[in-house]
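> This is a predicted model, with the sequence first.
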Amino acid sequence: MREQDDERLVRSAVAGDDVAFAELVSRHKRRVFRLAARFTRMEHELDDLCQDIFLKIYENLKQFRGDAPFEHWLSRIAVRTCYDALRKQRHERRHQSLDDLPCEPRDKRIDEQLSAAEAQSVVLWAVARLKPEERLVITLMELEEKSVKEIAGLTGWSEVNVKVRAWRARKALKRILEEAGHER
Amino acid sequence: MNDNRDERLNLLFAKARTAEARLSVREEGFEGRLLQRIREQRLAASPWYLWAWRSVPIFSAVIVLLLMLSGFQGAGTGAYLSHALTGGDDESALVSYYTGE
């Protein structure tokens, strides 16, 4: 039912109905904001990223054929836009020290006492130091709990490629946490 | 050693997953801001002929204004000519001379 409604809204939006597109955005913005928040902590960046995602969706709406649920199609665009944003971020921050990034929860012991919010901060701090492709894969795999096959579908990379990037990301994360003194 | 590090990393991810999803204040009014940006892009991407069509009313108004101005001036010239033809003695004499009346 919901999928049929999505398809009806897509048809109306393609025909030029802005209200229908706004309704489509209202239905899916929570999911998009949730995913985008995995990649940026600053509110204005989050807003820009979500706008970029929905702008791409709007521009490519005619290409949605309805073979798969709209949510899947939307997620693919969202993931690829987030990846583009990560690459752009890395390029812009190449000369900026990562230690200047907000919220640096150093010296938190990783044990049962660590709260969920603290763990989230440590993860965000650590993954910000990874390469964009590694950060994307590890975020989708470990935080969004997507399978290798799902990640391959979302990113357009082969399953082998996803596995290799996930392995490298974990290796790099262990080193980063060790150097930062989290591993004791 | 390596297993220990793996376990800690898994624990870290497991705890991070249980953290509540952050609600952004930017979700409020997001649709409005997005549609505004779409309209701006649509306007910026308009082809030249759309601008030409949009400027038709302005050019029409200018043409009407010019016609009205020339009409006023035309009326003034017409009055002068009429006076010259009907009331002017020199012209009457000239006409009589040429026509032989």
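On my side now, so go ahead. Numbering: from 1, shown residues only, chains lettered A, B, ... in the order given.

> shouldn't A:Y58 be in contact with A:A13?
Yes: when contacts are counted by C-beta atoms under 8 Å, A:Y58 is listed as touching A:A13 (7.5 Å). Just so you know, the C-beta spots here come from the backbone N, C-alpha and C atoms, and that holds for glycine as well.

> Now for those two: what residues contact both?
A:F21 (C-beta atoms under 8 Å, 6 or more residues apart in numbering or on different chains).

> Just to check, A:F70 is in contact with A:D5?
No: taking contact to mean C-beta under 8 Å, the distance of 9.3 Å between A:F70 and A:D5 leaves them out of contact.

> between the two, who's got more neighbours?
Neighbours around A:F70 and A:D5, counted as other C-beta atoms under 10 Å in any protein chain shown, are more numerous at A:F70. The numbers are 21 against 13.

> any idea which helix or strand carries the closest residue to that one other than its chain neighbours?
Counting by C-beta to C-beta, 6 or more residues apart in numbering or on different chains, A:D6 is the residue found nearest to A:F70 once chain neighbours are left out, at 3.9 Å. Element membership for A:D6, per DSSP states H and E: helix A:2-14.

> I'd like the next helix or strand past that helix.
Tracing the chain C-terminally past helix A:2-14 and defining elements by DSSP H and E, one meets helix A:18-36 next.

> which parts of that next one are buried?
Neighbour counts over helix A:18-36 (16 or more other C-beta atoms under 10 Å in any protein chain shown) mark A:18, A:20-25, A:27-29, A:32-33, A:35-36 as buried.

> ok, now stretch A:123-131?
Going by neighbour count (16+ other C-beta under 10 Å), the buried part of stretch A:123-131 is A:V123, A:L124, A:W125, A:A126, A:V127, A:A128, A:R129, A:L130.

> residues in contact with B:L12?
Under the criterion of C-beta under 8 Å, 6+ apart, the contact list for B:L12 reads A:I110, A:L114, A:A119, A:V122, A:V123, A:L177.

> Look up phi and psi at the fourth one.
Spelled out, it's A:V122. Geometry field for A:V122 lists phi and psi as phi -60, psi -40, criterion degrees, to the nearest 10.

> could you check the distance from it over to chain B?
In this structure, A:V122 and chain B are 6 Å apart, going by C-beta to the nearest C-beta, to the nearest Å.

> What count of nearby residues applies to that residue?
Taking other C-beta under 10 Å as the definition, A:V122 ends up with a neighbour count of 24.

> I'd assumed A:R27 was in contact with the residue nearest to A:F70.
Yes: with contact taken as C-beta under 8 Å, A:D6 and A:R27 are classed as touching, separated by 7.1 Å.

> ok so, going back, next one: the residue nearest to A:F70 relative to chain B, how far apart?
With distances taken as C-beta to the nearest C-beta, A:D6 is found 16 Å from chain B.

> One more: A:F33?
A:F33 sits 5 Å away from chain B when distances are taken as C-beta to the nearest C-beta.

> Next up, the contacts around that residue.
Shown here is A:F33, whose contacts under the criterion C-beta under 8 Å, 6+ apart are A:L46, A:C50, B:S24, B:R26, B:E27.

> next one: A:D52
A:T81, A:A85.

> Could you do B:S55 as well?
Residues counted as contacts of B:S55 (C-beta under 8 Å, 6+ apart): none.

> Get me the contact residues on chain B for chain A.
Counting by C-beta under 8 Å from any C-beta of the partner chain, the residues of chain B close to chain A are B:5-6, B:8-9, B:11-13, B:15-22, B:24-27, B:30-31, B:33-35, B:37-38, B:41.

> where exactly do the helices run in the chain?
Unless you meant another one, I'm taking chain A. With DSSP state H applied, chain A shows helices at A:2-14, A:18-36, A:43-59, A:70-92, A:116-127, A:132-138, A:148-155, A:159-180, listed in chain order.

> To clarify, I was referring to chain B.
With DSSP H as the definition, chain B shows helices at residue ranges B:2-18, B:30-44, B:48-54, B:56-87, B:89-99.

> got the angle for the second one vs helix A:43-59?
Between the axis of helix B:30-44 and that of helix A:43-59 there is an angle of 60 degrees, by axes from the mean of the first three to the mean of the last three C-alpha atoms, to 10 degrees.
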